[in-house]
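Enquirer: Need a 3D model of the sequence below.
(chains A and B)
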Amino acid sequence: MEIITENHTEEKRFKYFGSGLEFAIIYFKNILLTIITLGLYYPWAKVELLKYHYQSIELDNSRFSFHATGKEVFKGFIKIYAIVIALYAFFICASQTQDLTLITTATILLYLFLLLIIPFAIHGAVRYRASRSSWKGIQFKYLGDRKELFLLYLKGIFFTIITFGIYGAWLQVDIRKYVFGNLYFGDLSFRFKGSGGTLFWITVKFILLIYITLGIYGFWYYKNIIKFYVDHLEVSQNGKPVNFKCNIKTADIVELLVINFFLLVFTLGLATPWVTVRIFQVILRFIVIEEGLDTQSIQQVSYDAYDDATGDDFMDFLDFDLL
Amino acid sequence: MSYTIVYYDGSSSKMHKALLQISASRWEITPVEDAGVSKKIYWNTAVVKKTNVHTEKFVSFSYGETFPFQRIESTDAALIKYINSTKNSDIDTFEVLLHTNKKSSFAYLLTALLGIAVGMYFYVIPAVTDSFISNLNNKSVEGFGNFVFKVLATDLEMDAEKTKKLQNFVNAIQIESTFPLKVYVAKNEDVNAFALSGGKIVVYTALLEKIKNESQLLALISHEISHIENRHVLKNVTRNLSGAIFISVLFGDISGINAVLAENAHLFSQLSFTRSLEKEADIYGLKIMKDNQVDLYGMSELFAISKKETTFSLPIYLSNHPMLEERIEYTKKIAKKQNIIPENILLKEKWDALKTTFTNIEITDE
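Expert: Numbering: from 1, shown residues only, chains lettered A, B, ... in the order given. Next up is the predicted model:
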């Protein structure tokens, strides 16, 4: 039995099987339907694009799977738009009164709402995405607590403000640690080991070097950021941790971004699906799970039937993407 | 016929190589080279769920009403062919067709997209916004104008006497206006005047004092009244906004550079729309002048004043200077048709009263 198990613990690589043309058909079909329906089709479009990417990612001879439905995402989408319209209506009404205190209050409330909703949106989005994602028939699951995340965020925002933004790096890392610390895949658990200090120095180097190098340092920055997020990720099986690793080189980033840039510019954006596919192909090609994870003996634990996509829709509205 | 598949039972990640046989009522899954699972698994055909997305050379299915869900993955070309040939709905048929000849599907989609985008931008959006504004009730139009005026008024220093006398002039105009006309004279060095939706007109002193007679003044006022009556401000704003939103939705997700290109194209098309509104206001203004029996040449004379004052600080494509010449031409053409030069005694009287308030520019000039 032991021998069989060890057969499946070798290093694992991700592979992306998406094709530009195939994805272009899905992409343009969905843009078309979204325009015709004046935007109402957007939730279904989003789900189909995500399904395509999930089903194109292979790890250990098995594809990922995304089970969200357009209907679930649509419900959240409507809620978000109702909230946003109500907020703006309130803001416009207040500004029409010409009452300075009322306008100030309304402005503060609006920004406060947008600021404080973020942890709830992250919670909802991660929980929804996790509950709708699977691999080898095993479900992902997020067990984080909304209140805990909110307090963590509140603390982070407070320190970020009083340190004039410096603490922002620690805030980002703390949230990532919390999210991964509460993410499960069957009986596997995750951990993010990065530190705010490391992210802070990556950012400082970026600010110092980006102008001097006329933007060329951007390639190194992207490499550092990707490596920071991947190399500090760890998955545990029966208490035994296994590391994720990204071996991408700056040259790979240069090739990826420069070609993508020309593809977009010379096709007036029509190459977007090919560009997206290239990003997935290149990034995933360099991500490995180091030796030690037995992908044949992961046990299903329980299922989180969380069908509220509001948080996910809100993240989309704020133009944040989950990674 | 049996297909090669990979089966996951939903309770562990263990991969089971298996053979699949499909009949009308059930799917029969037979594990191979597997000591652990040897018995067959049956799925009820009606409950099998296909993952609803097309990825090349790969299909997957899930099964089960309740958790945990079983799963099948396959790269067997025969199974993919079989699945694509059994269509359960029109949507399936459409999807399969779309993914069969990919290059031509792509060309069709692109053509349709381009057609719809062009149609929306040039026909649907203008038609919808224009009809929306035309059907908007007067109260809302006035409300919008008042709101804008409130914001602008804080920066304007009004000349009370000129305002009063110009209002008298406007009251003497023979016109059936939908909105109560209210004029304001603001102290300003710019040679300019503008109308707000809902009946408010603001004239700057620098322009007012360059006017020589009542027909030029009526030309100015009637041009602004046309903007008000035809709801040009609102039409301009809504069309501009909705066009800009459409462009940003279309290009927003693509890339910065293309979005900038698209926005500039939108700016150009907006400029031409503004020009068409100006022309409409000129023609309608001439009609008001004709009804009030004043010299129609007042309009082209007014433009001559504007033209003289226009500075060339703007790049030529943004300047309305060439347009002014064109406007002088076509308003002259219309004025030529007026045989006798009429006189409106009442308007002349009000104009003379207004003129007394002017700081005598001619004298200071000399």
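Enquirer: Could you check how many residues crowd around residue B:150?
Expert: Residue B:150: 11 surrounding residues under other CB atoms under 10 Å in any protein chain shown. Every residue, glycine included, has its C-beta placed from N, CA and C.
Enquirer: If you could redo that for residue A:220, that was the one I meant.
Expert: Under the criterion other CB under 10 Å, the count of neighbours that residue A:220 has is 18.
Enquirer: do residue B:91 as well
Expert: Residues near residue B:91, counting by other CB under 10 Å: 10.
Enquirer: got a list of contacts for the helix or strand containing it?
Expert: Element membership of residue B:91, judged by DSSP states H and E, is helix B:90-98. Applying CB atoms under 8 Å, 6 or more residues apart in numbering or on different chains, the external contacts of helix B:90-98 come out as A:25, A:29, B:54, B:84, B:87, B:105.
Enquirer: List the buried residues in the helix or strand where the fourth one lies.
Expert: Per DSSP H and E, residue B:84 falls inside helix B:77-85. Residues B:79-80, B:83-84 are the ones in helix B:77-85 that count as buried (16 or more other CB atoms under 10 Å in any protein chain shown).
Enquirer: Run the chain-centre distance for the helix holding residue B:91.
Expert: 34 Å (CA atoms, centre = their mean, to the nearest Å).
Enquirer: Beyond it, next helix or strand please.
Expert: Downstream of helix B:90-98 (by DSSP H and E), the next one is helix B:102-119.
Enquirer: If I take that next one and helix B:90-98, what angle do their directions form?
Expert: Using axes from the mean of the first three to the mean of the last three CA atoms, to 10 degrees, the inter-axis angle of helix B:102-119 relative to helix B:90-98 is 110 degrees.
Enquirer: Relative to the whole chain's centre, how far out is helix B:102-119?
Expert: With CA atoms, centre = their mean, you get 22 Å for helix B:102-119.
Enquirer: what's the following helix or strand after that helix?
Expert: helix B:125-135.
Enquirer: any idea of the mean pLDDT for that following helix?
Expert: In this model, helix B:125-135 has an average pLDDT of 88.
Enquirer: then that helix to CSV, C-alphas only?
Expert: The C-alpha trace of helix B:125-135 is given here as CSV (Å, rounded to 0.1, in the frame of the first residue of the first chain):
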residue,chain,number,x,y,z
ILE,B,125,-28.2,55.2,-28.9
PRO,B,126,-28.9,58.6,-30.7
ALA,B,127,-32.5,57.6,-31.4
VAL,B,128,-33.2,56.4,-27.9
THR,B,129,-31.6,59.3,-26.1
ASP,B,130,-33.2,61.9,-28.4
SER,B,131,-36.7,60.4,-28.0
PHE,B,132,-36.1,60.0,-24.3
ILE,B,133,-35.2,63.7,-24.0
SER,B,134,-38.0,64.8,-26.3
ASN,B,135,-40.6,62.9,-24.2
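Enquirer: Could you list the buried residues of that helix?
Expert: Going by 16+ other CB under 10 Å, helix B:125-135 has these buried residues: B:125-126, B:129, B:133.
Enquirer: Quick check: next helix or strand after it?
Expert: Helix B:125-135 is succeeded, C-terminally, by helix B:138-153 (DSSP H and E).
Enquirer: Pull that next one out as CSV, backbone CA atoms only.
Expert: As requested, the backbone C-alpha atoms of helix B:138-153 are provided in CSV (Å, rounded to 0.1, in the frame of the first residue of the first chain):
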residue,chain,number,x,y,z
ASN,B,138,-41.1,70.0,-18.9
LYS,B,139,-40.7,70.0,-15.1
SER,B,140,-37.8,67.6,-15.2
VAL,B,141,-36.1,69.6,-18.0
GLU,B,142,-36.5,72.8,-15.9
GLY,B,143,-35.3,71.0,-12.8
PHE,B,144,-32.1,69.9,-14.6
GLY,B,145,-31.6,73.5,-15.9
ASN,B,146,-32.1,75.0,-12.4
PHE,B,147,-29.7,72.5,-10.9
VAL,B,148,-27.0,73.4,-13.4
PHE,B,149,-27.7,77.1,-13.0
LYS,B,150,-27.4,76.9,-9.2
VAL,B,151,-23.9,75.4,-9.6
LEU,B,152,-22.9,77.9,-12.3
ALA,B,153,-24.4,81.0,-10.6
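Enquirer: Just the buried residues of it, please?
Expert: Residues of helix B:138-153 classed as buried: B:141-142, B:144-149 (neighbour count, 16+ other CB under 10 Å).
Enquirer: Tell me the residue of the stretch 101-250 of chain B that sits nearest chain A?
Expert: Closest contact between the stretch 101-250 of chain B and chain A, by CB to the nearest CB, is at residue B:109 (4.2 Å).
Enquirer: Look up the closest residue to that residue, ignoring the ones flanking it.
Expert: residue A:28 (4.2 Å; CB to CB, 6 or more residues apart in numbering or on different chains).
Enquirer: list the helices and strands whichever helix or strand the one you found is part of packs on?
Expert: Following DSSP H and E, one finds residue A:28 within helix A:20-36. Where contact means 3 or more CB pairs under 8 Å, 6 or more residues apart in numbering or on different chains; DSSP states H and E, helix A:20-36 is packed against helix A:42-56, helix A:272-285, helix B:102-119.
Enquirer: on that earlier part again, same question for the helix holding residue B:91, mean pLDDT?
Expert: 82.
Enquirer: tell me the angle that helix makes with helix B:77-85.
Expert: 130 degrees.
Enquirer: Of all the residues in helix B:90-98, which ones are buried?
Expert: B:95, B:98.
Enquirer: Would you state the helices of the stretch 101-250 of chain A in chain order?
Expert: Assigned by DSSP state H, counting those that start in this stretch, the helices in the stretch 101-250 of chain A fall at A:146-162, A:168-181, A:196-212, A:218-231, A:250-266.
Enquirer: Can you tell me which of those is most buried?
Expert: Sort the helices of the stretch 101-250 of chain A by mean neighbour count, taking mean count of other CB atoms under 10 Å in any protein chain shown, and helix A:168-181 sits at the top with a mean of 19.
Enquirer: remind me which residues of the stretch 201-323 of chain A are low pLDDT?
Expert: A:318-323 (pLDDT under 70).
Enquirer: near chain B, which residues of it?
Expert: Contact residues (CB under 8 Å from any CB of the partner chain) of the stretch 201-323 of chain A with chain B: A:264-265, A:268-270, A:272, A:295-300, A:302-303, A:305.
Enquirer: Filter these down to the ones in strands?
Expert: Using DSSP state E, the subset of these located in strands is empty.
Enquirer: What remains of these if I keep only buried residues?
Expert: By 16+ other CB under 10 Å, those give A:264, A:269-270, A:272, A:295-298, A:300 as buried.
Enquirer: and chain A, which of the buried residues of helix B:138-153 reach it?
Expert: Checking those against chain A (CB under 8 Å from any CB), the matches are residue B:147.
Enquirer: In CSV: the buried residues of helix B:138-153, plus pLDDT.
Expert: Output for the buried residues of helix B:138-153, formatted as CSV (pLDDT from 0 to 100):
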residue, pLDDT
B:141, 88
B:142, 88
B:144, 85
B:145, 86
B:146, 87
B:147, 84
B:148, 84
B:149, 87
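Enquirer: Which two among the buried residues of helix B:138-153 are spaced furthest apart?
Expert: B:141 and B:149 (12.5 Å; CB to CB).
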